[in-house]
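S.K.: Following is a predicted model, sequence given first.
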Amino acid sequence: MTLPETEVTGAGPAAGPTGARPADPAGLGTPQPAWPHRHLLDTDALTWPQIELVLDTARHMGEIVAGARPRSTTLRGIGVTNLFYEASTRTRVSFEVAAKHLSADVVNVAVSGSSIEKGESLLDTMRTLEALGARVLVMRHAVSGAPYLVSREFRGAVVNAGDGWHAHPTQALLDLYTLLGHVPGGSLRGRKVVILGDVLHSRVARSNLWTLTAAGADVWLCGPATLLRGFEAWAAAGVGGARRFTVTTDMAAALADADAVMALRIQKERMASGLLPSLGEYVARFGLTRERLAATSPSCIVMHPGPMNEGVEIAADVATGPSSVVTEQVANGVAVRMAVLALVASAAGLSTGLPAPRLTGGAQ
C-alpha cells in the first residue's frame, strides 16, 4: 500500500498513552507502527500508517474468521460490552462476533427494559457496566459526542459504533478495506469514489471523508442540495485543511467513470422536515439504477452501509447485482472490528500477555 503524501492529522480526543506500542496484538510476526489510541472515536485522529495498521491487522483477522487460523486469545478473559442506545443489527452483531473470535467475554446491553428507561444517566450506566467487568465499551448513541463524554471517565477502551450524525469510524475502515480489495494495485490514489444520497445526516459519510481522502481517492458527494448543506464549505477548506473533495447535485457528472458508488439510506422523516418533496421525486432524480450505473467505470462496485431501502436510494437489481459488494462489506466488518478491538485493548494494556498499567479516569 502506497503512503499518501498527506496524512490524517485530526486531533480528536482519542489518543492513548504516549509512545504506546502494541506487542503484535494480531500475531503478525513483524514490528508494527505505534498504535497510541486506547479509544477509537472517529477516523480524524488516525494517521495513514495507523490506518494501514488496522487494515493489515484486519487481513490477519480475516484468516481467523475464514477458519484458516485458530481463534485468537488476544482478549481472553476481557469484558467487552456492547452498549447500543439505537437499534442495530449489522453493527452490533458484527462487534459481538468479532469479540468472540478474540475470546472475549461479551455482554450485550439492551436499552429497552434496562435502568436507562428509568432515567439512569449515561455516565451512571457506564460506571455500572465498568463495575460489572466491562473493560472495552462499544457504544452507539443518538447524540453526537456521547462516546467522547464516556471516554473521559471510562478507565478501559471505548469504541464509537456510531454517534448521531457525527461519526462511524469502524464503518469507514471496513469500507476502505473493502474498496482496496477491489481496485487494481490495491491503491485508491486517483480513483473516483461517489457517496450518494443523504449526506447531511450521515455519520458514515463524515468518517469516510477522512479515510478515503487520506487514501488519495477522488471523492464526490452527490444528492439534493438540501442534503448537502455545509459540505460545500468543508470541500473548499479541505479535509484536514488540505485534501479537497467535490460536492454536486449533478448525478450524471458524479457517476461518470466512477470506480465505486456508495448509496446512503433515505429516511421518510426527511420529507416531513421539508428536505425532500417526496420519495418519488428523490427516486426519479437520485435513485441508483442499472441504467445510471452504466455511466460508471466497467469495474465499478456498488456499496451501501445498510440497512437498504431497495427501490428508493438503490434499485433492487443493483443492490443484489454483480457490481454489489454489500454482503462483502458486512463480512469484512467482522475482521476490521476484530482489528480495532485488539488494537485499542492493546493500547489500554488489556490484551493477553501485555502489561496492565494502572489507568486513571480522563486519561486519553
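M.R.: Yep, it's here. Numbering: from 1, shown residues only.
S.K.: quick one: Lys268 from Met308, how far?
M.R.: 14 Å (CB to CB, to the nearest Å). Yep, even glycine has a C-beta here, placed from its N, CA and C like the rest.
S.K.: And these two? Which one has more around it.
M.R.: Met308 (19 against 10; other CB atoms under 10 Å).
S.K.: That one contacts Thr327, correct?
M.R.: No: in this structure, Met308 is not within contact of Thr327 by CB atoms under 8 Å, at 11.2 Å.
S.K.: Show me where the chain dips below the pLDDT cut-off.
M.R.: Along the chain, the parts satisfying pLDDT under 70 run over 1-33, 112-115, 117-119, 269-272, 351-364.
S.K.: Quickly list the domain ranges of it.
M.R.: According to automatic domain parsing, the chain comprises the domains 43-167+332-347, 183-324.
S.K.: Dump those domains into TSV; add distance to Trp35 as well.
M.R.: Below are the domains of the chain laid out as TSV (distance: least, CB to CB, whole Å):
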stretch	distance to Trp35
domain 43-167+332-347	5
domain 183-324	16
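S.K.: Looking at those domains, which one is packed in the most?
M.R.: Ranked by mean neighbour count, the domains of the chain are led by domain 43-167+332-347 with a mean of 20 (mean count of other CB atoms under 10 Å).
S.K.: And Ser273, how close does it get to Val194?
M.R.: Note on Ser273: its distance to Val194, by CB to CB, is 25 Å.
S.K.: again with Thr74
M.R.: Between Thr74 and Val194 the distance is 37 Å, computed by CB to CB.
S.K.: How about Pro224?
M.R.: The gap separating Pro224 from Val194 is 15 Å, by CB to CB.
S.K.: before we move on, what about Leu279?
M.R.: On the measure of CB to CB, Leu279 and Val194 end up 21 Å apart.
S.K.: if I pick Thr289, what's in contact with it?
M.R.: By CB atoms under 8 Å, 6 or more residues apart in numbering, the contact list for Thr289 reads Ala315, Val318.
S.K.: what about 6 Å?
M.R.: Contacts for Thr289 (CB atoms under 6 Å, 6 or more residues apart in numbering) come out as Ala315.
S.K.: Also Arg244?
M.R.: By CB under 6 Å, 6+ apart, the residues touching Arg244 are Gly238.
S.K.: and the gap between it and Arg155?
M.R.: For Arg244, the distance to Arg155 - CB to CB - is 40 Å.
S.K.: next one: stretch 69-81 to chain centre, how far?
M.R.: Its chain's average C-alpha position is 21 Å from that of stretch 69-81, according to CA atoms, centre = their mean, to the nearest Å.
S.K.: So what touches that stretch?
M.R.: Applying CB under 6 Å, 6+ apart, the external contacts of stretch 69-81 come out as 25, 63-64, 99, 101-107, 129, 133-137, 342, 345, 350-352.
S.K.: Could you pick out which of those residues are located in helices?
M.R.: Using DSSP state H, Glu63, Ile64, Ala99, His101, Leu129, Ala342, Ala345 are the members of the contacts of stretch 69-81 that sit in helices.
S.K.: what's the farthest-apart pair in the residues you listed?
M.R.: Glu63 and Leu129 (31.6 Å; CB to CB).
S.K.: Can you tell me the element Val340 falls in?
M.R.: According to DSSP states H and E, Val340 maps onto helix 326-347.
S.K.: what does Tyr177 give?
M.R.: Per DSSP H and E, Tyr177 falls inside helix 169-180.
S.K.: Extract the CA atoms of that helix and return them as CSV.
M.R.: Taking Å, rounded to 0.1, in the frame of the first residue of the first chain, the C-alpha atoms of helix 169-180 are listed here in CSV:
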residue,chain,number,x,y,z
PRO,A,169,-15.2,5.0,12.3
THR,A,170,-15.4,1.2,12.0
GLN,A,171,-17.8,1.5,9.1
ALA,A,172,-15.4,3.8,7.3
LEU,A,173,-12.5,1.5,8.0
LEU,A,174,-14.4,-1.6,6.7
ASP,A,175,-15.5,0.4,3.6
LEU,A,176,-11.9,1.3,2.9
TYR,A,177,-10.8,-2.3,3.5
THR,A,178,-13.5,-3.5,1.0
LEU,A,179,-12.6,-0.9,-1.6
LEU,A,180,-8.9,-1.7,-1.5
